[in-house]
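Peer 1: This is a predicted model, with the sequence first.
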Amino acid sequence: MNKMSLNNNMTPKMTKRRNNIRKGSSLKYIKANYQLYLMLIPSLIMLIVFKYVPMYGLIIAFKNYNVLKGIGGSQWVGLEHFERLYI
């Protein structure tokens, strides 16, 4: 379908509303549809917590981990553990 056929199927009221939203800034669009962005927040929080935060723990595989020093204070050894495991 092309753009013309979509516009012909729309009522004048829908077309006017659509044009008003287009002419305005992004901030106006966000204000008009703030409920959609509020519904997006929980899913973004879950994405960050369950997908990105665990990546910090993967650093342990590349360090000579010491419980007393923690992840940040342990010495970086790179792929040494993997070489020892697979070679």
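Peer 2: Yes, it's here.

Peer 1: tell me which element the nearest residue to Ala61 once chain neighbours are set aside is part of?
Peer 2: Using CB to CB, 6 or more residues apart in numbering and skipping residues adjacent in sequence, the residue nearest Ala61 is His81, 6.6 Å away. C-beta here means a position set from N, CA and C on the backbone, and glycine is covered the same way. Element membership of His81, judged by DSSP states H and E, is helix 80-86.

Peer 1: same for that helix, what does it pack against?
Peer 2: Counting contacts by 3 or more CB pairs under 8 Å, 6 or more residues apart in numbering; DSSP states H and E, helix 80-86 packs against no other helix or strand.

Peer 1: And Tyr29, how far from Asn64?
Peer 2: The gap separating Tyr29 from Asn64 is 51 Å, by CB to CB, to the nearest Å.

Peer 1: Thought Tyr65 was touching the residue nearest to Ala61, still the case?
Peer 2: No - using CB atoms under 8 Å, His81 is not in contact with Tyr65, being 9.7 Å away.

Peer 1: which residue ranges form the helices in the protein?
Peer 2: 3-8, 12-23, 26-32, 34-47, 70-73, 80-86 (DSSP state H).

Peer 1: Which of those helices comes out lowest on mean pLDDT?
Peer 2: Among these, helix 3-8 has the lowest mean pLDDT, at a mean of 55.

Peer 1: Leaving out chain neighbours, which residue sits closest to Val77?
Peer 2: Asn64 (4.9 Å).

Peer 1: so what's the one you found up against?
Peer 2: Taking CB atoms under 8 Å, 6 or more residues apart in numbering, we find Asn64 in contact with Ser74, Gln75, Trp76, Val77.

Peer 1: switch to 7 Å and redo it
Peer 2: Ser74, Gln75, Val77 (CB atoms under 7 Å, 6 or more residues apart in numbering).
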